[in-house]
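In: Here's a sequence, model it:
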Amino acid sequence: MMTVAPSDPTGIIQVAAGVKQIVDAFAPLITVVGALGGVWLGSWMQTKHAAHTYQQQRIDRLDDERRVALTSATKAAELKAFSAYRVATLLEAYAKDCARKSNVRSSHIDSFTFPDEIDWVPLGPLLAARVRDFETSVELVWNSTGHRIEATDRSDDTRMQKMKRIYEEAIAKLGLEAWELAVDLRQDAGLPELQIPPLGWNFIDTLRSRIPAD
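Out: You can find the predicted model right below:
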C-alpha cells in the first residue's frame, strides 16, 4: 500500500524548507561572526581590566609619593626647627651678654662665632647668610669702636665719657640685632618667641635704653 504525501495547500512546508536552507547556508557565517564577537568581547574585557589595573596602580603610586613627600617635609621641618632653636638661643645669650656689658660700662666687646657643628642647610640660604654675617658685624664693631676706646687717653675724662657712650650704643645695637635675628629664626621655623617672665630681667628694654632716640 503506497503512502501519499499530504498536500500543502498553504505552502508552509515549502517555506520552512526554504528557511532551513537559508539558515544552513548562513550557519558558517554565523559561527564566524559569533567567534569574532567572542574574541572582541574577550579582548575588550582584557583591555578594560588592564586599564583599571593601571589606573589603580597609578593612584597607589601617587598615594605612596604623597606619603613620602609628607614624611620628607615633616622631617625637613623638624631639622629646620632644631637648627633654628640652637642658633636662636646662642643669639639670645649674646644679646643678654651685651645688655650686661652695657650696664657695667665695660670697654670689651666679645667676639662672636657659631659652633662648627651647626647645620645651616635647613635654615635656607638667605636666613643662614643673614645670621652668619652677624659674626662679621661684631668683628667690625670691635675694630671700629673697641679699639678706639682702648686707644683713648684715660686721663682725659671728657673724651673717655664720650667714647663710653659710643661704646654703649654700639654694643646695645649689636645686642638688639642678635635679638631680632633670633626672633626671625624662631618665626621662620614656627617656634614660639622667647618669653621673658613678668618679674624677670627684660634685657631687651635695657638694650633699647642704651640707644639714644633719634
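
In: Now do the strands in the chain.
Out: For the chain, applying DSSP state E gives no strands.

In: Sketch out the low-pLDDT regions of it for me.
Out: By pLDDT under 70, the low-scoring segments of the chain are 1-41, 60, 62-72, 102-110, 146-156, 160, 214.

In: go again using 90 as the cut-off
Out: 1-77, 98-113, 117, 137-171, 195-201, 209-214 (pLDDT under 90).

In: For residue 119, which non-adjacent residue is spatially closest?
Out: In space, and not counting its chain neighbours, residue 119 is closest to residue 83: 5.2 Å by Cβ to Cβ, 6 or more residues apart in numbering. C-betas here are computed from N, CA, C, even on glycine.

In: looking at it, that neighbour is touching residue 115, isn't it?
Out: No - judged on Cβ atoms under 8 Å, residue 83 makes no contact with residue 115 at a distance of 11.6 Å.

In: So which of the two has more stuff around it?
Out: Taking neighbours as other Cβ atoms under 10 Å, residue 83 and residue 115 compare with residue 83 leading, 19 against 8.

In: Quick one: residues contacting that one.
Out: 118-120, 122-123, 189 (Cβ atoms under 8 Å, 6 or more residues apart in numbering).

In: so which of those residues would you say is closest to residue 167?
Out: For the contacts of residue 83, the closest approach to residue 167 (Cβ to Cβ) belongs to residue 118, at 29.1 Å.

In: what about the closest one, how many neighbours?
Out: 14.

In: Please report phi then psi for it.
Out: When read as degrees, to the nearest 10, the backbone of residue 118 gives phi -70, psi 130.

In: dump the residue contacts of it.
Out: 83, 86-87.

In: Just name the closest of those to residue 171, please.
Out: For the contacts of residue 118, the nearest to residue 171 is residue 87 (20.4 Å; Cβ to Cβ).
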